[in-house]
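**Q** the sequence isn't on hand, but the structure is:
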Ligand SMILES: O=C(O)c1cc(=O)[nH]c(=O)n1[C@@H]1O[C@H](COP(=O)(O)O)[C@@H](O)[C@H]1O
């Protein structure tokens, strides 16, 4: 199962996910001046990052908005980036954060689990409930696709709704338990489900609470670095099991030396576990 592969990558290489959230202002002049189309400029920049880091990371996450912003050219670069990551033998998460009624979700599932934008995992939003998630689950049956569902996000305003008390517990905990339940039939040999949760690195206490309750849930943990998340905050989570992958986007791709930035991030997370 793809979640077993991701977990094994984490054990082998460390829990690092590099977010390829490319913006024009991050692209150095040698690429900006040389390449002709936006598609080529973006892809060449991404390729450089992937070439420098692919042996150090468990997976990549590619945020589709950064590509949609450039229209068709951007989406071609998105598609090419996904294919290149796969060619390198790495796992890729399409950060698309979809959430819509089931007939539309079916089309989103087809768009991102097949064809030009095919990825191993996608991010989805659970606000509309199970029938908005179930169309993606049809793709999980074969074991080679997975989901990361938003549970407790990294942003300041995540408290507006996610921390509201519902039946004597915060909404994010209720959602997390539901995600665990949705994933029950997709648990792989390492004990993790193809349906994982997104919990921000800026919520170190909440992530431990969720993982203590949801034992089969694997976590995508964004918010490291640029948003203030730190390795120390993850020690309580990771000390029992490496049950997640930590994403940094700006912190890595805007660095002068992305390889060094990945190594520093890995050390900052793993040093608390020794
Ligand atoms: O689903 C996500 O990836 C996500 C969830 C969340 O709670 N917070 C969050 O920042 N993200 C994404 O993670 C990445 C964070 O980027 P940096 O802050 O630059 O590391 C962006 O692609 C966000 O869209």
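**A** Ah, there it is. Note that the structure is predicted; figures quoted are calculated from it, not measured.

**Q** got the contact list for the closest residue to the ligand within the stretch 1-150 of the chain?
**A** Nearest residue of the stretch 1-150 of the chain to the ligand (C-beta to the nearest ligand atom) works out as residue 63 at 3.8 Å. Glycine gets a C-beta too; all of them are placed from N, C-alpha and C. Each residue near residue 63 by C-beta atoms under 8 Å, 6 or more residues apart in numbering is listed here: 19-21, 95, 249.

**Q** ok, these vs residue 36, which is closest?
**A** Residue 36 has its nearest neighbour among the contacts of residue 63 in residue 20, at 21.2 Å by C-beta to C-beta.

**Q** so that closest one is in contact with residue 250, correct?
**A** No: Residue 20 lies out of contact with residue 250 (C-beta atoms under 8 Å); the separation is 10.9 Å.

**Q** do you know how far the residue of the stretch 1-150 of the chain closest to the ligand is from residue 12?
**A** Here the distance between residue 63 and residue 12 works out to 25 Å (C-beta to C-beta, to the nearest Å).

**Q** show me the contact partners of stretch 258-273.
**A** 14-16, 18, 49, 52-53, 56-57, 224-225, 230-232, 234-235, 238-239, 246, 248, 251-252, 255.

**Q** phi, psi for residue 89 please.
**A** Main-chain torsions, residue 89, degrees, to the nearest 10: phi 90, psi 10.

**Q** residues near it, how many?
**A** Using other C-beta atoms under 10 Å, residue 89 has 9 neighbouring residues.

**Q** grab the nearest non-local neighbour of it.
**A** residue 54 (7.6 Å; C-beta to C-beta, 6 or more residues apart in numbering).

**Q** what about the residue in the stretch 51-200 of the chain that the ligand sits nearest to, neighbour count?
**A** Residue nearest to the ligand within the stretch 51-200 of the chain: residue 153 (3.1 Å; C-beta to the nearest ligand atom). Using other C-beta under 10 Å, residue 153 has 21 other residues around it.

**Q** which residues does it contact?
**A** Counting by C-beta under 8 Å, 6+ apart, residue 153 touches 162, 198-200.

**Q** next one: residue 147
**A** Residue 147 is in contact with 121-124, 133, 136-137, 140, 194-196, counting by C-beta under 8 Å, 6+ apart.

**Q** please list only the buried members of those residues.
**A** 121-124, 133, 136-137, 140, 194-196 (16 or more other C-beta atoms under 10 Å).

**Q** near the ligand, which residues of the stretch 151-274 of the chain?
**A** 153-154, 198, 200, 222-223, 225-227, 247-251 (C-beta under 6 Å from any ligand atom).

**Q** quick one on the thing from earlier: of the contacts of stretch 258-273, just the buried ones, PyMOL syntax please.
**A** The following PyMOL line selects those of the contacts of stretch 258-273 that are buried, judged by 16+ other C-beta under 10 Å:
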select buried, resi 14+15+16+18+49+52+53+56+57+224+225+230+231+234+235+238+246+248+251+252+255
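
**Q** how many neighbouring residues does residue 261 have?
**A** Using other C-beta under 10 Å, residue 261 has 20 other residues around it.

**Q** residue 204 now?
**A** For residue 204, the neighbour count with other C-beta under 10 Å is 18.

**Q** check contacts around the residue lying closest to residue 197 once chain neighbours are set aside.
**A** Excluding the flanking residues, the one nearest residue 197 by C-beta to C-beta, 6+ apart is residue 151, at 4.1 Å. Residue 151 makes contacts with 126, 162, 172, 175-176, 179, 197-199, 210, as judged by C-beta under 8 Å, 6+ apart.

**Q** which one (most neighbours) among the residues you listed?
**A** residue 199 (31 neighbours).

**Q** quick check: phi and psi on it?
**A** The phi and psi values for residue 199, taken as degrees, to the nearest 10, are phi -130, psi 130.

**Q** for it, name its beta-bridge partners.
**A** Note on residue 199: beta-bridge partners by DSSP bridges are residue 152.

**Q** please consider this matter closed, and thank you.
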